[in-house]
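Visitor: Here you go, sequence then predicted model.
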Amino acid sequence: MTDTDRTEHLRPRPRPGRLALRATGATVAAALVGVVIGLGFVQVRYDDPEPATAAPPAPTTSPAPPKPTATPFGAKSNGSHFGSLRDLLLPATGDYGLGPDDGSYGNDTELTGEKLKAGLDDDLVPVPKAQQEKLRQYWESLHVRGIGVRTYKNRLNNLVVGIKLHQFNQQEVQKMNEYTAVFTGDTGLFRTGPAVPGHPEAHCYLMPAAPSAPIDRMECSAAEGDLLVVLNAEGVAPLPKDAIVALLTQQLDRLARPGASV
């Protein structure tokens, strides 16, 4: 056995129970947006309110306390979404619970445009000065409102999915989604993924992988108004592509316009 063979033999193999979202370096949409939107992963986490303590029964003559009003969210007819990105993200219910942290994002996070912009200068330090002002101008042209991130893990513990909602200028959202479709389809670097019925603007592609690889990865991108939706999935091969497409379909249906939910 050569040293190379010995190294390969000792290299740990991925196990189904320890799946975690990993940056593949091939998510074109996320990479393009990340140049200016992902700078400075300043997180704004939503802390769930403490459970209400049961109050003593009120006298029968007292009026019933008002019920809390849910914050509305949805989409206007012009494609502009309202409400928090955390509410616009598909809930982790049914066959899925919250998954592992997606790097610095966490597993249930909203990053505001204001917070991202606050860290812009620090993150532009490594960029040549001649390009810094161009990036700042491009940032301003995007009118970034924020990024919402949520990860999901199925009950069988063999599939992890992450969904990101990038909210910015609609025209740029469309351009980036179209460019991703062309890039992943024309370069020959990616394997063709499944179609998403009812959502022709969505496209999926699989990461390069050896036929015998125990873990496979698929990514999808879609434009819905002012939201660029990026889904990445990692699981035991062969991937349950139908289940992943169903999850993406539910997310896109949730963002459909016009409409609102409470």
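Guide: Perfect, thanks for sending it. Numbering: from 1, shown residues only.
Visitor: so the nearest residue to residue 105 once chain neighbours are set aside bridges to which residues?
Guide: The shortest distance from residue 105 to any non-neighbouring residue, by CB to CB, 6 or more residues apart in numbering, is to residue 149 (4.2 Å). In this view, the C-beta of every residue, glycine as well, is placed from N, C-alpha and C. Beta-bridge partners for residue 149, by DSSP bridges, are residue 109, residue 164.
Visitor: Compute the distance between residue 149 and residue 171, please.
Guide: Per CB to CB, to the nearest Å, residue 149 is found 24 Å from residue 171.
Visitor: Tell me where this protein has helices.
Guide: Taking DSSP state H to define them, one finds helices in the chain at 3-10, 28-34, 85-88, 113-118, 120-123, 129-142, 170-186, 241-254.
Visitor: Of all those helices, which one is nearest residue 76?
Guide: Nearest of the helices of the chain to residue 76, taken as CB to CB: helix 170-186 at 11.4 Å.
Visitor: for residue 97, what are its contacts?
Guide: 152-153, 155 (CB atoms under 8 Å, 6 or more residues apart in numbering).
Visitor: isn't residue 229 right next to residue 165, touching?
Guide: Yes. The pair residue 229 / residue 165 is scored as a contact, 6.0 Å apart, by CB atoms under 8 Å.
Visitor: Now do the shared contacts for those two.
Guide: residue 255.
Visitor: distance of residue 144 from residue 173?
Guide: Distance from residue 144 to residue 173, by CB to CB: 11 Å.
Visitor: go on, residue 92?
Guide: 25 Å.
Visitor: Looking at the two, which has the bigger crowd around it?
Guide: residue 173 (24 against 17; other CB atoms under 10 Å).
Visitor: residues in contact with the more buried one?
Guide: By CB under 8 Å, 6+ apart, the contact set of residue 173 is 166, 223, 225-228.
Visitor: ditto for residue 149
Guide: Neighbouring residues of residue 149 by CB under 8 Å, 6+ apart: 89, 102, 105-111, 162-165.
Visitor: Compare those and tell me which is most surrounded.
Guide: Neighbour max across those (other CB under 10 Å) = residue 164, 28 neighbours.
Visitor: wait, doesn't that one sit right on residue 148?
Guide: Yes. Shown here, residue 164 and residue 148 form a contact pair, counting by CB under 8 Å, at 6.9 Å.
Visitor: tell me which residues in stretch 124-135 are buried?
Guide: If you call a residue buried by 16 or more other CB atoms under 10 Å, then stretch 124-135 has these buried ones: 124, 135.
Visitor: Where does the prediction get shaky in this structure?
Guide: Within the chain, the stretches with pLDDT under 70 are 1-70, 115-116, 118-119, 259-262.
Visitor: Can you pull up the most central residue in it?
Guide: residue 164 (1.6 Å; CA atoms, centre = their mean).
Visitor: how close does that residue get to residue 241?
Guide: 20 Å.
Visitor: cool, and residue 207?
Guide: 13 Å.
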